[in-house]
Structure formats: structure tokens, C-alpha cells
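> need a structure here:
(2 chains, ligands or ions: 2)
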Amino acid sequence: MPGENLILSIRNLNVVYWARRGWVKAVRNVSLDIYRGEVLGLVGESGSGKTTLALTVMKLLPTNAKILSGSILYYGLGKAVDLAKLSEKEIRKYRWKEIALAFQGAMNAFNPVMRIKDHFIETAKAHLGHVDEEEVLKEARELLKLVLLEPDRVLRSFPHQLSGGMKQRTLLALALLLRPKLIILDEPTSALDVVSQKVILETLRNIKREFSTTMILITHDLSIAAELTDRVAIMYAGKIMEVGGVEDIFYDPMHPYTRGLLKAVPVLKGTKEVESIPGSPPDLIDLPPGCAFHPRCPYAMERCRREDPPLVEVKPGRFVACWLYTKR
Amino acid sequence: MGVTSILRSYIFLRGVRAIVTVFVAITFTFFLIRLMPGNPIDVYIATLMGASGMSYQDAKNLALALFSINLDEPLWLQYLKYIWNVLHGDLGKSIVSVGTPVIKIIATFLPWTVFTVSTALIISFSLGILIGMVMAYRRGGKLDTVLTLTFSILSAIPNFIVGLLFIVFLGVQWKLVPFSMLRGAYSPYVEPGFTLEFIIDVLKHAFFPILTYVLTTIGSWALLMKSSTIATLGEDFVLLARARGLPERRITINYVGRNAILPLFTNLAISIGFIFGGSVLIESVFVYRGIGLRLLQAIYQRDYTVMQGIFLIITIAVILANYIADILYGVLDPRIRVGGR
Ligand SMILES: Nc1ncnc2c1ncn2[C@@H]1O[C@H](COP(=O)(O)OP(=O)(O)OP(=O)(O)O)[C@@H](O)[C@H]1O
Ligand SMILES: [Mg+2]
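Ligands and ions are numbered 1, 2, ... in the order given. Prediction:
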């Protein structure tokens, strides 16, 4: 496990959305460390707050969202900078140059009226000032090759001329253009067919090997997390439930929710029948008291219904938020 | 196929469509004149016979000369000849100002309408877009609320009422604007030509018609642009542009603006037809000597040949304007211009 080589340190982060029915508590007291060179998997069901967490790091939350408290310390520039406290103008220097975000909606991630090559050029110009366009395109071609695309054809295309998988890979190439120290990939394979998913996974492996960029890989697909990540954080109802090395999480899950998730994956458990977790995720506006998972938890105790367990380090590098492991 | 040849083919296809539409319009006009019961030729012949006691043959000969049609020829030949004539700019001669070719009347009046209508459209469209974008960026704010209300009311008032209100209040009540001096397209004592005096005079005369068009159409542009901008602001490519750290100005213009405008082009095409139709009322309110006023005069005088000619020309002008809007749309939206992959 990397030592004190932190790149990002999220501390006690709380984010809410204002909706008609009330406050949606999308990110609840999240603390998470990301170390240089690692691939961290952020796994959780739909609506567990993964995208919200990613958008918060980049300060890209919609206007109805609010960071209630917490800090996002970025160590990429030597000293610690709290991204949560930066102004819109200051954060612009960090976006894409320091932290890139290739998000969920790659289908529609490019400006429909602009050629792909202009996306590369304008991105470089926005951060490096006057640049030689040919230089940028040369770099872009290399990156497109890395993601297994035909560089010249892609560069000259308009977005609508590329398939969803091609757009997703182009977005990966674009994310690498400025050599950011951290890349956040939000569900890079969802909404793609199986073949395109395979290609994306292969390009991600290429990227991991060639650049050893730090990555946060957001997914609800455990098999993808198992293949690509070094560490995994499990998120449920806006809260981090468990963090640990990828082997630990898969071979020795601790949190009842993690165990439930693993049972729900057919490939990992071989021939055993698939069991999904009974019940459904809670309403984030009106959360149950105590642990948010207790209504679905087979081990729920009296205490679980009253008090929300904190995320504590039960072994070196292993964090769990569950009263089963927190002796007090 | 190369990109340029596809571009050409989009413009080409739209061009073919425009030409076919013009043809349909001409054909329709022909059958309206020639075949409809109580068609203008028959009516005119009857009028001549009744009013001046002409024989049927004389009246018919006179009518046919004015309409440039020979009723004794087979229908298909008449049709071909009619098309031939129209293509050569021969739309017959005026019944009232005997002997004046219709095309000459149109040539004198149409440019003024095209001038006012297109100036108004350009001003209203570009201003409406700017205001609409500002409203979208400040949605829910005071400015947005006030403008939305104002525009909703403005676009509900018919344009000639706005024109009449100008005349009643600015002209009659407060005597601020001498509207009777602003009749026509320019003052009779000013020599037409490329002189500053003439240009200023023309602008003075055109000012209120243009202002009326702008006031009554700008609201719908602004409101359309507002909703289109709000929709575009929610697009992923805008969020990703922010994530890429692009300057806000660039995002506003190249990402939000460029894309939010596109759906408005469909409305632009429709609006051109409406504004031409509206010219009849506006021009008669301000007594502005454009094609709309002339059409109204022709209707009063039952000057059928002139009426028909103007209808046809307005139809063709609208089709042409639509074609231009189509091309602009194609230039701005590669999804239209450049086919799939
Ligand atoms: N703009 C918004 N306004 C109000 N609520 C929102 C908004 N965006 C997300 N939410 C809510 O916040 C919660 C977390 O959403 P988020 O998109 O972060 O989840 P996710 O883990 O990324 O889910 P998915 O796997 O479906 O992408 C959900 O309950 C969602 O309904
Ligand atoms: Mg998401």
C-alpha cells in the first residue's frame, strides 16, 4: 500500500441537493484518501452518490446543490489546497490540467457543432495559452492510438459521426491530453454494448500501464472493479461503508452490504445461486435513523437502529462503518 | 464522398425542393385563374360587358390580353405558355392602370417590403437571441420575470394594433411624430439616389414599420431562445466543457449559444411567411408604399392581374427566404450538413 503519498484527501464531506420534497443527502460525511499511482474503485448502487462526489471534487455541482461541510485537500501541487474553498476562477486552473473527469454521458460529451480536433486544440489553449496546433494534434494522435482509434479519421469527424464506444474512448484520450495527475472515470462502460465495454477495459489497462496516472474508477459493476483497481471504496446511500485493498474486499468482505453486493454477482461466486439484497435503497430525503443500511441488514442490532456507525480503521488500510466491527 | 460534396448535396437538395415548391405555386395560380368557377377572367369579362356595354367577344379579347392568356388554345398549351411567361417575368398587365405590366408594379413596390421586413427580422432575431440568453442565464431573477411578462403580453398583441397605438398616441394625442409626413417609402421632394439625405429619409419612413415588426416579434424570439438556452445548459457537453476548464465566455458563445440557436431556425422559416403576410396590415396602417399596401389597393380595385402577380411573387419570396434559412441552418449544424458515419 502506498505510504503517505497522498494526492487527494476528502474529509467529512457533506453535499445536499435541494429538491421539491426536501434536501437530498447525496454525500454524507465522506472521508476518503487517494494515493499517487493507484486506481481506486468507487462502487455503489445507482443513486448512492458516486457522481455527486466526483462533481463535488471538480466543483461542477448544479446550482441546486450545496456543500454543507468538509474539505477536499489536493496535494498535486506540493502543498495542500482545499478545492472546496476555491472560487470558480481559481478552480478553473485545476480542471483537466490537474484533475480530469470523464463522465457518464460520453454519448453527448462533445459539442455537436465542433470537430473532435477542435476539442483537443481548445482544451490545450485554455490551459497552456498559445500553443502550436500541430503539436497538440500530434499529441492527440498518439493518445487516440493508445485508445485503439484511427487518429486522423476521429480528429476530422464531428461527434455524431462516431459511435458511443468511440466517443467514450476519444474522451479518455482527451482526458490524458494535459497529463492530469488524477483522472476520475464515471461509469466508463455503462450504456455500451459488451464488445465496446471490452475495448474500453483494454484501453484503460493500456492507460494504467503507460502513464501510471492516479485514477478513481466509478462503477456499479464489481467485475470491472475487480479487474482494474488496486483499492475499492463501497458507497451506500451517500456514505462510504467500507474501504480496502481489492483482494481484501473481494475475498474477505466485512460490511454486510459489501457481502450482499458480492452475493449478487454471478461471475464472482461461480456456480452458487445469485442472491440479491432484499429491500431497496433508502430515500435520501428521509433517511432511516441510525445506520442507513439497517432495514436491509440481516445482522441489524438495536444499536444500528439508533446510531450511525462511523467509518473506522479496523486493520491497517481497512476501513468499515459497521457496529459489528466497532467495539466501544 | 467528401465533406464538400455532401455539403453541396444538402444545399442542392433543398434547392430542388424550393424550385419544385415554386412550380407548384405557379401551377396553383394558373388553375386558380383559369379553371375556378367565378374565376377572375370570367368575372372581369362580365364586368366589362355590364359596365361599358361591350360585346362578349370584345370584352373577352381585352381580358385575355391583360391576363396574357388565350382561352381558345388547348389547356396544356395555355399552361405551358403561362409558365413560360411567368419565367420571363410576364405576369400580365394591370386591369386598373391599363397597360402597366404587373411585373413593373411589383418591381417598384416589392423592394421596400423586402427592405423593411428583412431589416426587422434581422434586428428582432439577433436582439431576441441576445436577450433570451441573458434571461436564461438569470432565470428566476427580477430581469427575467419582468421581461417574460412584457414579452408574453407584447407577442399577444396583433402587430397592426401596435402600429395603430403608435399613430394614436405619438401622432394624434401627443403630436410627437408627424406620421402624415412619413407616408410612402420616401419623401417626394427628395431625389432618390445614394445620397445621405435620401438614405436618412428612407430610414425615417421605414422606422415605425420596422419598429412595429420588431416589437411584435422580438418577444417570441427571446422566449424561444430562453427555453432553448436553458435546455442546452443542461447538456452534458456544457458540463464537460466546464470540466475541461474552458473560459466561461467560450462556453457561453461556442457551446451554449451556438447550439441553442439551432432549433430557432425552423421558426425563422415560419416567421418569414408570417411577417410578409403581416406587411399588408402594417403598411396600410403607416401608408408605407410596399407590396402589402399595393396588394390591398389591388384588392379594393379588383385589379385581379395585379393581385395574382403579387400573390405569386410573395409566395416565391417566402420560398426563397425559407431556402436561405435552410442553408444557414445547414451551415451551422453539421448533423444536417454532413451525413452519418
Ligand atoms: N440535480 C439534482 N437535483 C436533485 N437531486 C439530485 C440531483 N442529482 C442527483 N440527485 C440525487 O442525488 C442522489 C445521488 O445521485 P448520484 O447521481 O450522485 O448517484 P450515482 O451513484 O452516481 O448513481 P448512478 O449509478 O445512477 O449514476 C440520487 O438520489 C439522485 O436522485
Ligand atoms: Mg452516476
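> quick one: contacts for the closest residue to A:Ser280 other than its chain neighbours?
Residue nearest to A:Ser280 in three dimensions, not counting chain neighbours: A:Arg296, with 7.9 Å by CB to CB, 6 or more residues apart in numbering or on different chains. C-beta coordinates here come from the backbone N, C-alpha and C atoms, glycine included. Listed by CB atoms under 8 Å, 6 or more residues apart in numbering or on different chains, the contact partners of A:Arg296 are A:257, A:260, A:277-280.
> what's opposite A:Ile34 in the beta bridge?
Here A:Ile34 sits in beta bridges with A:Leu8, going by DSSP bridges.
> could you do the one 10 residues further on as well?
Beta-bridge pairing of A:Gly44, defined through DSSP bridges, involves A:Met235.
> per-residue confidence at it?
For A:Gly44, the pLDDT comes out at 92.
> now A:Gly270
At A:Gly270, the pLDDT recorded in the model is 54.
> circling back to that earlier point, gap between the residue nearest to A:Ser280 and A:Arg95?
Between A:Arg296 and A:Arg95 the computed distance is 37 Å (CB to CB, to the nearest Å).
> ok, A:Glu133 next?
Taking CB to CB, one finds A:Glu133 at 21 Å from A:Arg95.
> in the stretch 201-328 of chain A, which ranges drop under the pLDDT threshold?
Counting by pLDDT under 70, the stretch 201-328 of chain A contains low-confidence residues at A:266-274, A:327-328.
> can you map out the helices along it?
Taking DSSP state H, counting those that start in this stretch, the helices of the stretch 201-328 of chain A run over residues A:222-228, A:246-251, A:256-263, A:302-306.
> so is the longest one next to ligand 1?
What it means is helix A:256-263. No. Using CB under 6 Å from any ligand atom, helix A:256-263 stays clear of ligand 1, coming no nearer than 13.3 Å.
> show me which residues of chain B sit near chain A.
B:235-237, B:239-247, B:250, B:254-255, B:258-259, B:262, B:332-335, B:338, B:340-341 (CB under 8 Å from any CB of the partner chain).
> off-centre distance for stretch A:41-49?
9 Å (CA atoms, centre = their mean, to the nearest Å).
> quick check: buried residues in that stretch?
A:41-45, A:47-49 (16 or more other CB atoms under 10 Å in any protein chain shown).
> again, but for stretch A:214-225
Buried positions in stretch A:214-225, judged by neighbour count with 16+ other CB under 10 Å: A:214-222, A:224-225.
> ok, and of the residues you listed, which contact ligand 1?
Near ligand 1, judged by CB under 6 Å from any ligand atom, the entries from the buried residues of stretch A:214-225 are A:His220.
> buried subset of the residues of chain B next to chain A?
Looks like these have B:235-237, B:239-246, B:254-255, B:258-259, B:262, B:333-334, B:338 buried, using 16+ other CB under 10 Å.
> filter those residues down to just the ones in helices.
Among these, the ones falling in helices (DSSP state H) are B:236-237, B:239-243, B:258-259, B:334.
> show me which of the residues you listed is closest to B:Ala156.
For those, the minimum distance to B:Ala156 (CB to CB) is 28.8 Å, reached by B:Asn259.
> how about the residue lying closest to that closest one once chain neighbours are set aside, what does it touch?
Leaving aside its chain neighbours, B:Asn259 sits nearest to B:Thr232 (4.9 Å; criterion: CB to CB, 6+ apart). The contact partners of B:Thr232, taken as CB under 8 Å, 6+ apart, are B:238, B:255-256, B:259-260.
> need those residues in a markdown table (columns: distance to A:Pro159).
Shown next, in a markdown table, are the contacts of B:Thr232 (distance: CB to CB, whole Å):
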| residue | distance to A:Pro159 |
| --- | --- |
| B:Val238 | 14 |
| B:Tyr255 | 12 |
| B:Val256 | 16 |
| B:Asn259 | 11 |
| B:Ala260 | 17 |
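> what pLDDT, on average, does the helix or strand encompassing A:Glu134 get?
Using DSSP states H and E, the element containing A:Glu134 is helix A:133-146. For helix A:133-146, mean pLDDT is 95.
> tell me which residues of that helix are tucked away?
Buried, per 16+ other CB under 10 Å, within helix A:133-146: A:136-137, A:139-141, A:143-144, A:146.
> isn't A:Thr219 up against A:Leu40?
No. Here A:Thr219 lies out of contact with A:Leu40, judged by CB atoms under 8 Å, at a distance of 11.2 Å.
> pull the contacting residues for the residue lying closest to B:Pro178 once chain neighbours are set aside.
Spatial nearest neighbour of B:Pro178, excluding adjacent residues (CB to CB, 6+ apart): B:Gly171 at 7.3 Å. Counting by CB under 8 Å, 6+ apart, B:Gly171 touches B:177-180.
> many thanks, we can stop here.
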